[in-house]
Structures are given as C-alpha cells and as structure tokens.
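Student: I'll drop the sequence and a predicted model, then ask my questions.
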Amino acid sequence: EGTGTGKRTYVTWDDEMDAALLEVLVHHHNMGDHSQNGWKAHVYSAAIKNVKRKCNKDIAKNNILGRLRTSDNQFEIINKILSQSGFGWDWVNNKLSIDSDDVWTKYLEANKKEKALASYKTKVVKHWEAISTIYSKDHADGEDAKTGVETAADLE
C-alpha cells in the first residue's frame, strides 16, 4: 500500500524497551532538552539508538510519540489520584497504594467521566519515577530537586 516511507510500524513495547527509552528521556530532560513543544530532534535519535543498542529493536520517532502519549495519559491520571489524600505509590509493586476500598470507591464516584479509571486500582506501571520526572511540569520544586549551582557546590 503506497511506498515504504510513510509506513507506520507497530511496535510492542516491553519493560526493557521502556527502560532504554526513559533512560534517554530523563537524561535529556535533566539537560533541559525538553521544551513546551516537546523533545528536541536529537533526543529522538538518541532514544532510537539506545533502544537499538540495548534491546536490538528498531523503532521510529512515531513509535516513541505513540508510547509517550500512553505514558503521558497514565501520568495525568495517576498524578491526579496521588494528589488526593488516601493514595500513595507502592514502589515495590509499581502500583497505587490505596488506604481503603472506601477511598477508592469515593474517588471513582467523583471521577465518573474518566474512562478506564477502574483499571488503575491494580494497574502496574513500571518506571514511575522516570515517568514522573519527565512529565512533572514544575519538577524544580521537589525535595530532591537541586539547581545546577547547588549540585556543583556539592562536588567541591
């Protein structure tokens, strides 16, 4: 169907590929290569190379864009849940920790419009730390955040 250039290749992502992608994105995010309009072009190239090198999988920029849409979506939903009291993140099992079923039921009730929300009760999302680093809009106000100056001072 048409020429090979516009062909959309579908990629099934696995944990290893996600890790290779996120490793590059976190690195470039910390270097400031993440603007309002998205990632700078060289970041995609670096991510494609890293996934190839570590996982021996060929991906294209549109595969990354698709994956990022999924991650972005998950981040928005989970982050919103985590901003409510009664919720935390279970770092061992890579999923939400919920104080009680009652807390969850009330949250579902209050957010009926959110499609697929119910699945988040047990949804495993690996690499949450990396995902939240990349998507948090104001990542500089975290307790662990340091300015370049502070970091340089620590090294002296």
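Tutor: Nice, I can see it.
Student: tell me which residue is most central in the protein.
Tutor: Ile131 (2.6 Å; C-alpha atoms, centre = their mean).
Student: that one sits in which helix or strand?
Tutor: helix 128-135 (DSSP states H and E).
Student: what are the buried residues along that helix?
Tutor: Trp128, Ala130, Ile131, Ser132, Thr133, Ile134, Tyr135 (16 or more other C-beta atoms under 10 Å). Yep, even glycine has a C-beta here, placed from its N, CA and C like the rest.
Student: swap in stretch 54-73?
Tutor: Buried, per 16+ other C-beta under 10 Å, within stretch 54-73: Cys55, Lys57, Ile59, Asn63, Ile64, Gly66, Arg67, Leu68, Ser71.
Student: in strands, which of those fall?
Tutor: Within those, no residue falls in strands by DSSP state E.
Student: nearest to Trp13 among those?
Tutor: Arg67 (5.8 Å; C-beta to C-beta).
Student: the closest one and His29, how far apart?
Tutor: For Arg67, the distance to His29 (C-beta to C-beta, to the nearest Å) stands at 15 Å.
Student: so what touches stretch 102-118?
Tutor: Ile77, Ile81, Gln84, Gly86, Phe87, Ile98, Lys121 (C-beta atoms under 8 Å, 6 or more residues apart in numbering).
Student: and that stretch, which residues are buried?
Tutor: Trp104, Tyr107, Leu117.
Student: of those residues, which one scores lowest on pLDDT?
Tutor: For these, the least confident position by pLDDT is Leu117, scoring 94.
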